[in-house]
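Engineer: Here is my input, please return the structure:
(one chain, ligands or ions: 1)
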Amino acid sequence: MYTAATVSKMELSLRNTLTRESDVIGPLDGATFRFYCCGPTVYGPAHIGNLRTFVLQDVFRRFIESLGIETCHVRNITDVDDKTIRESQRSGLSLQEFTQQWQRKFTNDCQALNILPPAHEPSAVAHIADQIRLIERLIDQGHAYQAENGSVYFRISSFKEYGKLSRLKLSGIQKNASDRLVDNDEYDKESWRDFALWKTWKSEDGPNRWESPWGPGRPGWHIECSAMSMHYLGESFDLHSGGIDLIFPHHENEIAQSEAATGKPFAQHWFHIAHLRVNGEKMSKSLGNLYTLDEVVDRGFQPAALRYLLLSGHYRQPLNFTWESLAAAASTLRRILGHAEGVDPELLENAGDTSLETFIFNPVLEALCEDLNTPKALGVLNVGLQGLKALDDGAQQAARRDLARILQMLGLPWQFQKSRTETRVPPEVEALALQREKARIAHKWDEADLLREALLKQGWEVRDEVGGFEINRTEGNV
Ligand SMILES: [Zn+2]
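Structural biologist: Model (predicted):
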């Protein structure tokens with residue numbers, strides 16, 4: 001928490017996707033700024049485009065906290081939906097085993113990128129009862145109905161404001177009853193119809209079924225986020241965020257379900273982060289350009305360099321990723337961190353207002369206050385640092401302290417790591433370790449021992465921990 005007087009006088013003005021206007025960010029209840037970010041769907045590793053969203057949300061949070069605003073940040077884990085069920089079946093693991101391994105991976109990526117953990121990180125599976133209750137409320141008020149196929153759908157025609165976030169034109173409502181429903185979690189704007197809140201069990205769902213008043217089945221993806229955000233933040237809260245691709249249908253549907261059920265405004269402010277492109281193209285599996293953090297690290301880059309690159313574009317504009325731009329980001333960050341050398345982080349706690357805040361600090365803050373303009377903030381920071389050498393020693397020390405505070409605000413490190421301390425576990429090693437864990441849980445000790453030896457031969461040691469295990473490189477193999 002930063003306490004300098006100049007900081008608390010400033011306000012963040014942020015563009016609201018819902019109104020297309022700028023809002024001054026502050027808590028509705030005058031105490032805590034409550035915000036919800038749609039978390040990862042844990043069916044594979046996050047790609048760097050997903051990570052752009054989480055890094056920008058992290059800067060948003062760090063920045064408003066630095067303005068003296070208390071926050072309550074909720075980011076969920078989507079561990080049941082069309083994709084997690086389909087991919088867990090393919091992998092042969094249970095839905096829980098499958099999603100937990102990817103959740104662990106996501107947590108590691110966030111740590112490497114210095115993304116602060118949210119105050120609450122709920123699992124959708126753990127909140128199915130909340131989702132059922134919300135669907136019951138919608139049915140009671142005529143906003144939802146069970147169709148002949150057994151699934152429950154949201155009745156779009158019952159919510160007059162449907163389309164207000166994505167500015168969807170509601171002409172040409174499907175008249176034919178069989179065309180009226182959509183079961184997929186994801187679909188495009190042309191295919192909008194009554195969407196599924198509760199999906200009745202089908203054989204392809206395998207063992208993944210939960211009891212409900214409408215028979216066994218599972219929730220739709222959209223209802224999960226409405227139920228979890230209301231559970232932790234109340235029926236009306238400050239801000240809801242996600243990647244721009246979530247505006248439709250996910251967030252549009254969340255608004256419809258939530259406001260129809262409660263009769264109150266859902267989130268006050270909607271904060272969406274634009275796409276990351278790669279070499280000028282949309283990222284996609286078929287183009288082979290869906291890069292992960294592991295690939296970035298394997299090419300010799302530190303996660304902080306990726307974080308810097310992701311901040312070098314404005315959140316509302318698409319950002320183009322190339323390996324050259326990442327190399328340039330790494331070298332600029334290295335130069336900036338050269339200036340921070342020798343600053344004692346503990347000094348920050350008592351920095352007060354003795355530093356040269358007008359020189360480097362205020363221009364950066366002003367840039368961030370204008371719609372979280374991170375590229376401008378980095379620009380004025382780099383310009384400010386060019387003037388550093390002309391200062392006397394005392395002033396230089398104060399300016400470096402300002403720099404350290406800025407780095408903390410942006411979630412950038414104090415220094416580049418001298419050596420790679422974190423070790424990445426290859427997927428085949430993780431798979432073996434998981435197999436061993438399964439054997440251990442089933443008390444198949446011989447099999448578990450054999451698998452432990454196989455891992456040791458490959459230079460990996462498994463240690464059992466409460467509720468799981470840890471894998472580390474054996475000595476001499478680091
Ligand atoms: Zn969501």
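Engineer: hey, let's count contacts and neighbours off CA atoms from now on
Structural biologist: Fine.
Engineer: First-to-last residue distance for stretch 277-291?
Structural biologist: Stretch 277-291 has its terminal residues 11 Å apart, counting by CA to CA, to the nearest Å.
Engineer: Buried ones in that stretch, by neighbour count?
Structural biologist: By neighbour count with 16 or more other CA atoms under 10 Å, stretch 277-291 contains the buried residues R277, V278, K282, M283, L290, Y291.
Engineer: Next, count neighbours for the residue in the chain positioned nearest to the ion.
Structural biologist: Nearest residue of the chain to the ion (CA to the ion) works out as C38 at 4.0 Å. When neighbours are defined as other CA atoms under 10 Å, C38 has 21 of them.
Engineer: Find the residue at the geometric middle of the protein.
Structural biologist: Centroid check for the chain by CA atoms, centre = their mean gives F54 as the closest residue, at 3.7 Å.
Engineer: Distance-wise, check the spatially most distant residue from the centre of the chain relative to K282.
Structural biologist: What lies farthest from the middle of the chain is D392; by CA atoms, centre = their mean that is 42.8 Å. Here the criterion is CA to CA. By it, D392 lies 49 Å from K282.
Engineer: Who is N472 paired with across the strands?
Structural biologist: Beta-bridge partners for N472, by DSSP bridges, are E461.
Engineer: One more: G217?
Structural biologist: Beta-bridge pairing of G217, defined through DSSP bridges, involves T200, W210.
Engineer: Could you point out the helix or strand that follows the helix or strand where G49 lies?
Structural biologist: Secondary structure assigned from DSSP states H and E places G49 in helix 48-66. Next helix or strand after helix 48-66 toward the C-terminus (DSSP H and E): strand 70-75.
Engineer: and the angle for that following strand with helix 48-66?
Structural biologist: Calculated by axes from the mean of the first three to the mean of the last three CA atoms, to 10 degrees, strand 70-75 forms an angle of 160 degrees with helix 48-66.
Engineer: got the buried residues for the helix or strand that strand 70-75 is followed by?
Structural biologist: Heading C-terminal from strand 70-75, the first helix or strand you meet, by DSSP H and E, is helix 82-91. Neighbour counts over helix 82-91 (16+ other CA under 10 Å) mark D82, K83, T84, I85, R86, E87, S88, Q89 as buried.
Engineer: What are the contacting residues of helix 82-91?
Structural biologist: T41, V42, Y43, S94, L95, F98, T99, N184, D185, D205, G206, N208 (CA atoms under 8 Å, 6 or more residues apart in numbering).
Engineer: make it 10 Å
Structural biologist: 41-44, 78-80, 93-99, 183-186, 204-208, 218-221 (CA atoms under 10 Å, 6 or more residues apart in numbering).
Engineer: can you pull the pLDDT of E346?
Structural biologist: Here the pLDDT value assigned to E346 is 60.
Engineer: Please parse this protein into its domains.
Structural biologist: Domains of the chain are assigned by automatic domain parsing as 5-273, 278-410, 427-473.
Engineer: weakest of those by average pLDDT?
Structural biologist: domain 427-473 - the lowest mean pLDDT of the domains of the chain, at a mean of 82.
Engineer: How much space separates the residue nearest to the centre of the chain from A330?
Structural biologist: Distance from F54 to A330, by CA to CA: 20 Å.
Engineer: got it, and L113?
Structural biologist: In this view, L113 and A330 are 14 Å apart by CA to CA.
Engineer: Kindly report the same for C38.
Structural biologist: From C38 to A330 the distance is 29 Å (CA to CA).
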